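> Predicted model and sequence follow; I will ask about them next.
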Amino acid sequence: MIQKLLREGVEVETSIDGYHTADFPEITGDYQGTKRSNHTVLVTHFELARMIERVNRRFAGVLRNEMTKLGIDDVGPAQAMVLLAIGDVELSVGELLDRGHYVGSNISYYLKQLADGGYIDRVASQRDKRSARIRLTEKGEQLCSNLRNAGGAYNRVLARDADDLRNLEIAFQTLHRLELVWGNATRYGI
């Protein structure tokens with residue numbers, strides 16, 4: 001499937017600003033004066049990359065809203081994603097870089113902010129004093145727990161039934177394969 005997407009593209013029908021009216025039964029006919037328009041988009045790997053970028057921005061907005069509700073204003077969504085990537089393990093900066101899509105200079109800045117805010121502990125490695133191990137503090141664990149709990153409502157919206165859950169699994173598998181294809185293309189070419 002992914003090879004077909006990358007090679008040929010897939011036509012997708014959309015309506016009302018990209019949403020299908022079937023997904024929103026309360027919307028019928030006209031959308032508050034906006035004409036319903038159907039158009040076809042050719043899905044290429046460039047379109048997939050643009051969609052991934054937009055979805056990432058939207059998710060950052062969701063995180064920002066949830067953090068505002070929790071009264072968290074000393075770190076942003078990117079730093080919250082770093083905390084979630086660390087999870088309940090202790091790891092090195094290199095291991096953290098492998099878990100996310102961070103630029104080295106960005107991760108250093110994020111980790112400094114998180115350490116200053118009391119969300120993480122940076123412990124010098126016993127073997128190599130130049131290297132540090134990172135782990136969440138109780139404050140960092142609490143924020144991650146709160147964000148995961150808030151995420152439950154979004155999970156219920158996305159996975160209303162077995163078909164929705166299967167579609168999410170397929171989307172995840174497709175994105176994972178895309179990550180592998182693009183990662184291998186970066187390393188080895190096509």
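Right, received. Where do you want to start? Computed from a predicted structure; not experimentally measured.
> ok, which stretches of this structure are helices?
Along the chain, the segments classed as helices by DSSP state H run 2-7, 45-69, 77-86, 93-99, 104-116, 138-158, 162-188.
> Please compute how far stretch 100-114 lies from its chain's middle.
Centroid separation for stretch 100-114 versus its chain: 16 Å, with CA atoms, centre = their mean, to the nearest Å.
> List the buried residues in it.
102, 107, 110-111, 113-114 (16 or more other CB atoms under 10 Å). Every C-beta, even on glycine, is put in place using the N, C-alpha and C of the backbone.
> ok, now which ones touch I134?
Contacts here follow CB atoms under 8 Å, 6 or more residues apart in numbering; on that basis I134 touches 86, 90-93, 96, 111, 120-123.
> Now, of the residues you listed, which are buried?
Neighbour counting with 16+ other CB under 10 Å marks 86, 91, 93, 96, 111, 120 as buried within the contacts of I134.
> Which single one of the residues you listed is nearest to V181?
L96 (23.8 Å; CB to CB).
> And the pLDDT for H101?
H101 carries a pLDDT value of 72.
> Run through the residues that contact the residue nearest to D73 when sequence neighbours are not counted.
Excluding its sequence neighbours, the residue lying closest to D73 (CB to CB, 6 or more residues apart in numbering) is M67, at 7.5 Å. By CB under 8 Å, 6+ apart, the contact list for M67 reads 73, 75-77, 80, 143, 147.
> What separation do you get for L175 and I52?
To I52, L175 is 7 Å away according to CB to CB, to the nearest Å.
> Oh, that last question was meant for D128, not what I typed.
Noted for D128: a distance of 36 Å to I52, by CB to CB.
> Please say which of the two ends up with more neighbours.
The neighbour comparison of D128 against I52 (other CB atoms under 10 Å) goes to I52, with 13 against 9.
> Alright, I will stop here.
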